[in-house]
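A.B. asks: build me a model:
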Amino acid sequence: MNFIKISIYASALNFIILGLASAYYFVIPQMYFWQDETFATLYYKCPTCSIAKENAAIDFKKGEYQVVFWGLGNIANNKIFRLNLLANYKTKAISGGCVPLSEMNCYSIKMQQLLFKKYGNNFIFNTYKKADSLDNLSQKNWSQ
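C.D. replies: Next comes the predicted model:
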């Protein structure tokens, strides 16, 4: 009789634990598990390419500049580049990972087009060059 009670309680406890774990897994959007919050939030704002372009124009008008960079060694992973882009152009660099997502790419391309009109076509390149020179300078200082 005790064995049956223990088995019933154990089954009920397993059912509750599995229910809570499933709710946690399926209620929280999956993008938050493998990307940072900024990328995940932007991802859920861009379900289609046309909506992504509209959101880029809206964000640009609000002064919320975000550009997604793609690739394994993309420049958004460079901390000096990110900080310079944010400080000089109020633009947040987001690392999108290795494989571009088409909707996110639509957002990023539209945002870059708008930023090119505002800051000129070379502002990202100039920021990269400045970050690279600062990085080389810091490496020289460490080696001395």
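A.B. asks: tell me the helix or strand right after the helix or strand of the chain with the lowest mean pLDDT.
C.D. replies: None of the helices or strands of the chain scores lower by mean pLDDT, DSSP states H and E than helix 31-34, at a mean of 62. Scanning forward in sequence from helix 31-34 by DSSP states H and E, the next helix or strand is helix 37-45.
A.B. asks: and the angle from the helix or strand just after that next one to helix 37-45?
C.D. replies: Going down the chain from helix 37-45, the next helix or strand is helix 49-62, by DSSP H and E. Compare the direction of helix 49-62 with that of helix 37-45 by axes from the mean of the first three to the mean of the last three Cα atoms, to 10 degrees and you get 130 degrees.
A.B. asks: can you list the strands that the following helix or strand past helix 49-62 pairs with?
C.D. replies: Note on helix 49-62: by DSSP H and E, the next helix or strand toward the C-terminus is strand 65-69. As defined by DSSP bridges, the strand partners of strand 65-69 come to strand 91-95 (parallel).
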